[in-house]
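Participant: Here is my input, please return the structure:
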Amino acid sequence: MQLLMRTLKTTIIGVIVFCCLIFVPAGTLAYWQGWMFIAVFGISTALIGLYLALANPVLLERRVKVGPAAETRPVQKIIITVSFAVFCLMLIVSVLDHRFGWSHVPTWLSVVGDALVVLGLMIDLRVFRENSYGASTIETMAGQKVVSTGPYAVVRHPMYAGVLVMMLGTPLALGSRWGILLAIATVPILMLRILDEERMLRHELEGYESYVRDVRYRLLPGLW
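Facilitator: Predicted coordinates for the structure are as follows:
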């Protein structure tokens, strides 16, 4: 129950932060795209948190430890700080784009954006069901083994694939095309995080070298 309450508290804080990042630059509360995005993201993450609290509280405990301070590797502290900054900037630019009409996103495309946000989060949920060691931070844990089933049989880092789908859907959900440029800018940041993570896993996780030979692609099948 205590862990569930911590998760609920984190979700509420996240919603408040999103409201500030979205409605302050919007200059109005009459912004249905903003409300829809917050509802979609908030409900999806709350349901994921509830599922983990009931089915895998140990993993949930690992997931709530997030942010630069929680990272143990110096390079990951930098990468996650930059990631958060770019994500916040993407939200602000997307909102300003919608507010001042720099680009036009029809209603149906905003709905598609919300669907991509849900899809990205559901991909991550599928990853969590397959991998109980899917922490928010980059580290190896006692008893950890290589997971090569489910989405891990397709790419080596399916969780980041879900994050990428969510990031690409967010600007569209908020009614922006220009924000997609900042979403794309997160790709090299994800790549740097993955490369450093794999460097650690090759040295610290038994069997990972063999897994790399069996599953060729890191993030996107056929590309990388």
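
Participant: Run through the helices of the protein in chain order.
Facilitator: For the chain, the helices defined by DSSP state H occupy 2-26, 32-55, 57-63, 74-100, 107-130, 158-173, 179-204, 208-214.

Participant: which one of those is the most hemmed in?
Facilitator: Sort the helices of the chain by mean neighbour count, taking mean count of other CB atoms under 10 Å, and helix 158-173 sits at the top with a mean of 23. Glycine gets a C-beta too; all of them are placed from N, C-alpha and C.

Participant: What separation is there between Val82 and Thr149?
Facilitator: If you measure Val82 against Thr149 using CB to CB, to the nearest Å, the figure is 32 Å.

Participant: correct me, but Leu96 touches Val24?
Facilitator: No. Leu96 is beyond contact range of Val24, at 10.7 Å (criterion: CB atoms under 8 Å).

Participant: Export only the CA atoms of the helix or strand of the chain with the lowest mean pLDDT, formatted as CSV.
Facilitator: Every helix and strand in the chain was compared by mean pLDDT, DSSP states H and E; the lowest is helix 57-63, with a mean of 78. Provided in CSV are the C-alpha atoms of helix 57-63 (Å, rounded to 0.1, in the frame of the first residue of the first chain):
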residue,chain,number,x,y,z
PRO,A,57,5.9,-4.4,-6.8
VAL,A,58,9.7,-5.1,-6.8
LEU,A,59,9.9,-3.8,-10.4
LEU,A,60,7.7,-0.8,-9.5
GLU,A,61,10.1,0.0,-6.7
ARG,A,62,12.9,0.1,-9.3
ARG,A,63,10.8,2.2,-11.7
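
Participant: Apart from its neighbours in sequence, what residue is nearest Cys88?
Facilitator: Leaving aside its chain neighbours, Cys88 sits nearest to Leu21 (5.9 Å; criterion: CB to CB, 6 or more residues apart in numbering).

Participant: Tell me the confidence at the nearest residue to Leu172 once chain neighbours are set aside?
Facilitator: Nearest residue to Leu172, sequence neighbours excluded (CB to CB, 6+ apart): Gly113, at 2.9 Å. pLDDT for Gly113: 97.

Participant: contacting residues around Gly113?
Facilitator: For Gly113, the contact set (CB atoms under 8 Å, 6 or more residues apart in numbering) comprises 37, 105, 169-174.

Participant: For the residue nearest to Cys88, give its distance to Asp114.
Facilitator: Note on Leu21: its distance to Asp114, by CB to CB, is 17 Å.
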